Every structure is written in C-alpha cells, then in structure tokens.
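Novice: Here you go, sequence then predicted model.
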Amino acid sequence: MSLQISAQHVKELRLKTGAGMMACKKALQESEGNIEKAIENLRQKGLASANKKANRRTAEGVIESYIHAGSKIGVMVEVNCETDFVARRLEFQQLSRHIAMQIAACPNVKYVNVKQIPQMIIDKEKQIEAGKEDLINKPELIKDQIIEGRIIKRLNELSLLNQPFIKNPDISVQDLINENIALMGENIQVKRFIRFILGEGEENDTSNFAEEVQSMLKS
C-alpha cells in the first residue's frame, strides 16, 4: 500500500526542486515522506534540475503532425528545444508525437498552459460558477473558496500541460516533458498547437477520440 502524502509536502518539495507534481509525490512515497531523501531521489533522476533550464532559449525543434485514424481529426504542434542535435533525437521526436496524440485525445484542451488563458475567459468562468444554484445560500467566504477551487479545476482542464498523460495517467504532460528535459539536458517547450476536426462547426460525435487514441498507443 502506497504511503499517503499530503498536498502540502508535495508543494514544498516542488518549490525546492521544480520537479513535476506527480514526480514529487512518487519521490516522497519512495522515501517514506523524507524530504531530503526525496530531493536526492529527484536529483539522481535529473528531475530536480528541469526548472533551472526553463528560461533557456529554445530556437530549434520540430513541428509535429498527427492525423487520427479515419482522417477526421488532425493536429499540428510546435515543440521547441535548444539545439538541432536534440531536435533530431528519436526521444525528442517520440515526445513530440506523444504530445500531438495527447492534443487529439483531449478535445477540451484549448491552451498550452494556464498562463495563456485570457483573463476574459477566467472572468467568464467565475461568473458562471458564481451563479450556480448550489452556492446561493453558502456563506460568502465558503462560496469564494468553492468558486476558486472550481476555477482552478476548470483552467487545468483547458491546459495541455496539466493533462494526465494518456499513456501513463500517473504523470502530467508537464511531468513527461520534465522527464525528457532530464534525459536530453535541454529546455523543452510546447510553443503552440492547432487542432482540425472534419466538418468543425457541424454536429459531430468526437466523444470516442480519446479512447481510440489510447487504444492505438497500446497496440
């Protein structure tokens, strides 16, 4: 049975190392909650240094494309790294492919990360949540806390980097990228993406795209 780790401990380790949330949680479980041992664990894996590379210039990379079976959905994504050498590595190309497939499998994702979400979208979501019937009789402080929690959840749903990785839901897409930063020793960033759906604007059933993509990944 896995040791239960509090969100506060995960946050503390993440602030100290810059590693992904799931990587921090796993390191704490493996170290039985010992912060120092967890830091050592992450350093050995190279994950504790990913945040140090976050501001390094990424002028190389690839534009990866993915066409879903049946040619009814297509994705183009720009994934950047620091050098052409890394851009040509098989691991980088596989990462870019997985990210493209992730976008195809997540029709609700609209932005690369939460920071890209326009304030007008955030304000609209807050307005919607504030008007929900289950909050009408709540005390103002409790109401604000509930709204804040729901907004965070909603923004994460819109963000690519916050999605559980379809091939391994125990980690996020950001965690996957951090693992590859550790592996290849360069900053890696998703710059932008676009999704095409055949007949977009018409009535289409896209609910099974995620299941189909996951099935293809397992084959």
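Specialist: Okay, I see it. The model shown is predicted, which means the values in this text are computed figures rather than measured ones.

Novice: so where's this structure shaky on pLDDT?
Specialist: For the chain, the stretches with pLDDT under 70 are 1-3, 15-16, 18, 44-55, 201-219.

Novice: what about the residue located most distally from the centre of it, is that helix, strand or coil?
Specialist: Most distant residue from the mean C-alpha position of the chain: Asn137, 35.1 Å away (Cα atoms, centre = their mean). Using DSSP: H, G, I helix; E, B strand; the rest coil, the structure places Asn137 in coil.

Novice: now Asn108
Specialist: Relying on three-state DSSP, one would call Asn108 coil.

Novice: Can you pull the phi/psi pair for it?
Specialist: phi -80, psi -10 (degrees, to the nearest 10).

Novice: Pretty sure it sits against Leu158.
Specialist: Yes - Asn108 is in contact with Leu158 according to Cβ atoms under 8 Å; the separation is 6.7 Å. Yep, even glycine has a C-beta here, placed from its N, CA and C like the rest.

Novice: who touches the residue nearest the centre of the chain in this structure?
Specialist: Nearest to the mean C-alpha position of the chain, by Cα atoms, centre = their mean, lies Leu161 at 2.1 Å. By Cβ atoms under 8 Å, 6 or more residues apart in numbering, the residues touching Leu161 are 112-113, 172-174, 177, 190.

Novice: Quick check: it vs Lys37, distance?
Specialist: As for Leu161, its distance to Lys37 is 28 Å (criterion: Cβ to Cβ, to the nearest Å).

Novice: Check Met22 too.
Specialist: 18 Å.

Novice: Compare those two and say which one has the larger neighbour count.
Specialist: Neighbours per residue (other Cβ atoms under 10 Å) separate Met22 from Lys37, with Met22 holding more: 20 against 14.

Novice: Is the more buried one in a helix, a strand, or coil?
Specialist: Assignment for Met22 (three-state DSSP): helix.

Novice: same deal with Phe193?
Specialist: Applying three-state DSSP: Phe193 is strand.

Novice: Tell me who's in contact with it.
Specialist: Going by Cβ under 8 Å, 6+ apart, the list of residues near Phe193 reads 75-78, 99-100, 103, 112, 160.

Novice: Same check on Lys25?
Specialist: By Cβ under 8 Å, 6+ apart, Lys25 lies in contact with 5, 10.

Novice: Start and end of stretch 159-169, how far apart?
Specialist: One end of stretch 159-169 to the other measures 15 Å (Cα to Cα, to the nearest Å).

Novice: any idea how far that stretch is from the chain center?
Specialist: What separates the centre of stretch 159-169 from the centre of its chain is 5 Å, taken as Cα atoms, centre = their mean, to the nearest Å.
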